[in-house]
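# the amino acid sequence is not available; the structure is as follows:
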């Protein structure tokens, strides 16, 4: 793009050379506060980082030394931890069944406690979801974000990268997603868009070319990356694609000498439409909050799966409404624990600090949150500290699709196919339970390093 230094496209790099680069991990060297306008280093590694599981990752700013934690390395401990979700499911049902046969009193107490937890959870979701939907979100949407942005010095120094992972998405879907980003008032001055495409998609190159030609002039830069297929130690999906794209982003940010504490990385699901003022809200937080606070911060907006709400089966509609209420209430409830979901944002400094996204996982959003959470505990030199990771709420909703068949839901056959598609999606979501053994493994490694 005119005004930017020429960049080497990932499509010009052979898979063999790219795989060699994946093993290279460089050290993040942050400049002093007197020279913090420059990004002088990065810990990103192109594509898969699972091949470095036996190595240690050292943070140059603190000197902490922790092993790279991954379930892919195998071993007896990993096998045991992987059984935990099954034990929790089957074991819980078995305990309740035993109580019903052994003691009616114990069964009644257990049943009462479970119902209390469920009803309390439903009440919190309904109450905080209502407050968030009727009061908080409208208040945020009615703020004069343009005026607030102009009143803050250095606002346009905050730079944004928006990574859009895609695999066989329709051109119209990606077109709408990019248009939503382009509607941001700061798109031309502060935003760079990354189309994270998959090489196993035969139409990826042509789709990227058309989108670059149409929307390239609406941003500081719009470019694409091509994630090779069948790389070692990878799971095909959003996380591995994002890891590959982030490596390119980190390298370009370093070449442009962007300040990692003033450069923001957003992961944008291919069908998610950001609110036009979302990126302004994040930039204002970066400037108004202290660097210590934003260094361990992930921004999250509530996601509303409402783009095709009136077209999908009624059961799918119910899951969409429930999901929206859970997201809004989770963000609105100040004392609850909520984690990032689907589309979210963090500083380049934090993404580099933890080594980017892991390519050997499925639930990339929950995994990245857990990874950053434990990094905030262990990344403190010669001693652990209390968790510093914080989820920053941005009540400017993100819109996305509910899943349905490719032909819609107008006929009986398509209606049934849409329900089946929702079942397949729900089954895929359950694979996120793999993050339970990952969190346990992180805890074990933390105890090994620091002791109880």
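Sure, I can see it. Note that the structure is a prediction, hence the values are computed from the model and not measured.

# just to check, residue 298 is in contact with residue 392?
Yes: taking Cβ atoms under 8 Å as the definition, residue 298 is a contact partner of residue 392 at 6.9 Å. Where you see a C-beta, it was placed from the backbone N, CA and C, and this is true even at glycine.

# the residue lying closest to residue 99 once chain neighbours are set aside: neighbouring residues, count only.
Once flanking residues are discounted, residue 99 sits nearest to residue 107: 4.0 Å by Cβ to Cβ, 6 or more residues apart in numbering. Residues lying near residue 107 (other Cβ atoms under 10 Å) number 17.

# what is the subsequent helix or strand relative to the helix or strand residue 107 falls within?
Per DSSP states H and E: residue 107 is located in helix 104-131. Sequence order places helix 137-141 as the next helix or strand after helix 104-131, per DSSP H and E.

# chain center to that following helix, what's the gap?
Centroid separation for helix 137-141 versus its chain: 23 Å, with Cα atoms, centre = their mean, to the nearest Å.

# show me the shaky parts of this structure.
In the predicted model, the chain carries pLDDT under 70 at residues 1-66, 381.

# against residue 292, how distant is the most centrally placed residue in it?
Nearest residue to the geometric centre of the chain (Cα atoms, centre = their mean): residue 365, 3.6 Å. Noted for residue 365: a distance of 24 Å to residue 292, by Cβ to Cβ, to the nearest Å.

# try residue 377
Using Cβ to Cβ, residue 377 is found at 15 Å from residue 292.

# what about these two, which has more around it?
Taking other Cβ under 10 Å, residue 377 and residue 292 do not tie; residue 377 has more neighbours (20 against 9).

# the more buried one contacts residue 387, doesn't it?
Yes: look at residue 377 against residue 387 with Cβ under 8 Å: they come within range, at 5.4 Å.

# who touches residue 431 in this structure?
362, 363 (Cβ atoms under 8 Å, 6 or more residues apart in numbering).

# please report how far it lies from residue 268.
In terms of Cβ to Cβ, residue 431 sits 22 Å off from residue 268.

# and what of residue 127?
On the measure of Cβ to Cβ, residue 127 and residue 268 end up 30 Å apart.

# make sure residue 164 is indeed in a helix.
No: going by DSSP: H, G, I helix; E, B strand; the rest coil, the assignment for residue 164 is strand, not a helix.

# from residue 399, how far out is residue 305?
Using Cβ to Cβ, residue 305 is found at 8 Å from residue 399.

# looking at these two, which is more packed in?
Set side by side, residue 305 and residue 399 show more neighbours around residue 305, with 25 against 17, by other Cβ under 10 Å.

# the more buried one contacts residue 401, doesn't it?
Yes: at 6.6 Å, residue 305 counts as touching residue 401 under the criterion of Cβ under 8 Å.

# tell me the contacts of residue 79?
Residue 79 neighbours (Cβ under 8 Å, 6+ apart): none.

# and it, what helix or strand is that in?
Per DSSP H and E: helix 76-82 holds residue 79.

# what residues sit buried inside that helix?
For helix 76-82, the neighbour count (16 or more other Cβ atoms under 10 Å) marks 81, 82 as buried.

# which residues of the protein fall in strands?
For the chain, applying DSSP state E gives strands covering 56-58, 65-67, 159-165, 191-198, 221-227, 263-267, 297-300, 303-304, 344-347, 390-393, 398-399.

# what does stretch 162-179 contact?
Contacting residues not belonging to stretch 162-179 are listed as 181, 191-198, 200-201, 203-204, 207, 210-211, 214-215, 222, 238, 241-242, 245-246, 249, 265-273, 401 [Cβ under 8 Å, 6+ apart].

# so how do I select the buried members of the residues you listed in PyMOL?
This is the PyMOL syntax for the buried subset of the contacts of stretch 162-179, where burial follows 16+ other Cβ under 10 Å:
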select buried, resi 181+191+192+193+194+195+196+197+198+201+204+207+211+215+222+238+241+242+245+246+249+265+266+267+268+269+270+271+272+273+401
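
# you'd agree residue 78 is up against residue 441?
Yes: using Cβ under 8 Å, residue 78 and residue 441 qualify as a contacting pair, with a distance of 7.0 Å.

# now do the shared contacts for the two.
Counting by Cβ under 8 Å, 6+ apart, the residues touching both residue 78 and residue 441 are residue 71.

# find the nearest non-adjacent residue to residue 445, please.
Closest to residue 445 by Cβ to Cβ, 6+ apart is residue 69, at 5.3 Å.

# quick check: that neighbour touching residue 443?
No: Residue 69 is beyond contact range of residue 443, at 9.8 Å (criterion: Cβ under 8 Å).

# with neighbour numbers in mind, choose between those two.
Remark: of residue 69 and residue 443, residue 69 carries more neighbours, 22 against 14, as counted by other Cβ under 10 Å.
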